[in-house]
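Novice: Need a 3D model of the following:
(one chain, ligands or ions: 2)
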Amino acid sequence: MQNDRPWPQSGCERMILPSPIGRIGTNTPDPEGELVAKMDDTHVFMMGDNPALPRMPEKPTLLDFYRYRFGDITVRHLLGAAKRAFDDGRSETLVMACLLHDISNGCLLRPDHGYWGAQLVAPYVDAEVAWAVKYHQSLRYFADPDVGYQYPKSYDRFFGPDYQVPAYIRRDAEYAKGHKWYMTARLVTMYDIYFFDDVAQEVSPDFFEDLVARNFRQPPEGLGHDDSASSHMWRTMIWPNNFL
Ligand SMILES: [Fe+2]
Ligand SMILES: [Fe+2]
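Specialist: Ligands and ions are numbered 1, 2, ... in the order given. Down below sits the predicted model:
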């Protein structure tokens, strides 16, 4: 994608300091001291496009992030969930919520992914869509036999059968149950099937181009280059290896 443009910081070795949120608590040692000591005329910290990643278009759209940034498993999961909702004739609001529900897991943050994802998309979608993205996270943990939703078997595998949800998840699920948009978030949890439980057909991001055009307010400057409350989050995904 537009690889004729020169890469930034030419002539230098561009050092990458991983973000602490993805490193702390793992066995990966903190390389900050070592890298700082290495700085000289030809060793600098990376700022701007990283040649190890596909180059984003100058005015990125929502689906460009599915094409050029998000991990394979998340892309298949989001497209699969949205396609199932679409095939069932669900509303465009619901299909959008399914398409976006785990967007934070694509290449931003996993902890509290529903909350991060909701903030990320809120400036660009109907309030109901962002609300469903936020509350699908807590509602996933609570069965609703009236609509045939059970605690996911995959969660027993992910977290172990004795996992107890924290108080804020209980509180937020309880709140969501009494909300007028409850069924939107609940339906997201019902289309939220992991690929290994599902023989999903491959779905291309192109399939949702028209629906996204109608339901996502694409900024003319491109995501990350506008001045919304979450544009910094999109920029972080464009340049995930920036030092600052
Ligand atoms: Fe989720
Ligand atoms: Fe999901």
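Novice: can stretch 79-87 be found next to ligand 2?
Specialist: No: Stretch 79-87 does not reach ligand 2 (C-beta under 5 Å from the ion); its nearest approach is 6.3 Å. Every C-beta, even on glycine, is put in place using the N, C-alpha and C of the backbone.
Novice: Centroid-wise, who is the farthest residue in the chain?
Specialist: residue 41 (36.8 Å; C-alpha atoms, centre = their mean).
Novice: neighbours around the residue nearest to that one when sequence neighbours are not counted, how many?
Specialist: Using C-beta to C-beta, 6 or more residues apart in numbering and skipping residues adjacent in sequence, the residue nearest residue 41 is residue 12, 7.9 Å away. Neighbourhood size, residue 12 [other C-beta atoms under 10 Å]: 14.
Novice: for residue 92, same thing?
Specialist: For residue 92, the neighbour count with other C-beta under 10 Å is 16.
Novice: quick revisit: from residue 7, how far off is the residue farthest from the centre of the chain?
Specialist: Residue 41 sits 18 Å away from residue 7, going by C-beta to C-beta, to the nearest Å.
Novice: Could you do residue 194 as well?
Specialist: 37 Å.
Novice: Is residue 67 in contact with residue 208, as I believe?
Specialist: No: with contacts counted by C-beta atoms under 8 Å, residue 67 stays clear of residue 208, the gap being 11.7 Å.
Novice: which of those two has more neighbours?
Specialist: For residue 67 versus residue 208, the count of surrounding residues by other C-beta under 10 Å is larger for residue 208: 23 against 17.
Novice: Tell me the confidence at the residue nearest to residue 218 when sequence neighbours are not counted?
Specialist: With C-beta to C-beta, 6+ apart as the criterion, residue 218 has its nearest non-adjacent residue at 5.6 Å, and that residue is residue 61. Note on residue 61: pLDDT of 98.
Novice: Please list all residues in contact with residue 61.
Specialist: Shown in contact with residue 61 (C-beta atoms under 8 Å, 6 or more residues apart in numbering): 212, 218, 222-223.
Novice: most neighbours, which of those?
Specialist: Taking other C-beta under 10 Å as the neighbour criterion, residue 223 ranks highest of the contacts of residue 61 with 26 neighbours.
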